[in-house]
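# Below: sequence and its predicted model.
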Amino acid sequence: MKDEISHPALDQLSDNAWESVARSAQKVEIPAGTQVFGPGEVCEGLPLVIRGEVRVQMTGAAGNEIVLYRIKGGELCPLSLACLLVKGSHQSEAIVDEDTEVILIPEPLTNRLLDEEPNFRRVVLESYGQRLLTLMLVIEEVAFRRLDTRLAERLLARQRDGRLAATHQDLAVELGTAREVVSRLLKEFERRGLVGLERGAITLTDPTGLEAISGTETERQQAS
């Protein structure tokens, strides 16, 4: 298994620790669109993503969804770690966006590696801290930033060559709001000549105008 897996948390394990990983951990390939876990489910272990991408999100009481963060190759799920540490259940759900390969470290082995393997502990705690900062930024965005600003910023961040394949519902989940709100804002952007709307796709016709709305143009001018 050691020759088949590359992950920062496993890079400097002792030989004994690697033997335990090979004996107890599960290597799983998960196709895109699969729900890895959902609210209320018991945490079965610490997932280390080897390749691919997993989206972690929550659904509010009103039915609105919001993306908390994404996990890519070389990263891990800190909410799963928190779930393991408090011996609780998941409060969020994880959906595979791209075909993903994961190694699942069971709870007893996770605790042992945290106690005995310094590099494993460092990588896990650094990831936990980074994701905590990410979640704080999500809270700041939802609570304090205008939705049109956040939408313009998200369009610019997700575009490739001036286009992005995304539905209005996809963007609503990203922003933690209702699809109808996103649709209304996109129609206004289209009326102003900022975007072109198609079924399942959006073209950025005036990126500079979107930058002005998002504030990135102002930030760039201040930086220069």
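Looks like it arrived, so ask away. Since the structure is predicted, the reported quantities are computational estimates derived from the model, not experimental observations.
# Can you classify the residue lying closest to Leu197 once chain neighbours are set aside by secondary structure?
The shortest distance from Leu197 to any non-neighbouring residue, by C-beta to C-beta, 6 or more residues apart in numbering, is to Glu190 (5.3 Å). The C-beta positions use only the backbone N, C-alpha and C, and glycine is treated the same way. At Glu190, secondary structure determined by DSSP: H, G, I helix; E, B strand; the rest coil is helix.
# hang on, Glu190 packs against Gly196?
Yes - Glu190 lies in contact with Gly196 (C-beta atoms under 8 Å); the separation is 6.7 Å.
# Not counting its neighbours along the chain, what's nearest Leu132?
Using C-beta to C-beta, 6+ apart, the nearest residue to Leu132 is Pro78, at 7.3 Å.
# Tell me who's in contact with the one you found.
Ser127, Tyr128, Arg131, Leu132 (C-beta atoms under 8 Å, 6 or more residues apart in numbering).
# Next, name the residue at the spatial heart of this structure.
Arg70 (1.3 Å; C-alpha atoms, centre = their mean).
# give the contact list for that one.
With C-beta under 8 Å, 6+ apart, Arg70 has these contacts: Glu53, Val54, Arg55, Val56, Asp97.
# ok, those residues vs Leu171, which is closest?
Arg55 (13.3 Å; C-beta to C-beta).
# From the chain's centroid, how far away is the helix or strand containing the closest one?
Here Arg55 sits within strand 46-59, counting by DSSP states H and E. In this view, strand 46-59 has its centroid 7 Å away from the chain centroid, taken as C-alpha atoms, centre = their mean, to the nearest Å.
# Please work out the average pLDDT along that strand.
Mean pLDDT, computed over strand 46-59, is 93.
# How about stretch 165-181?
pLDDT averaged over stretch 165-181 gives 88.
# What of stretch 139-148?
Mean predicted lDDT for stretch 139-148 stands at 77.
# Local confidence estimate at the closest residue to Thr205 other than its chain neighbours?
For Thr205, ignoring the flanking residues on the chain, the nearest one in space by C-beta to C-beta, 6+ apart is Gly196 at 5.3 Å. Predicted confidence (pLDDT) for Gly196: 95.
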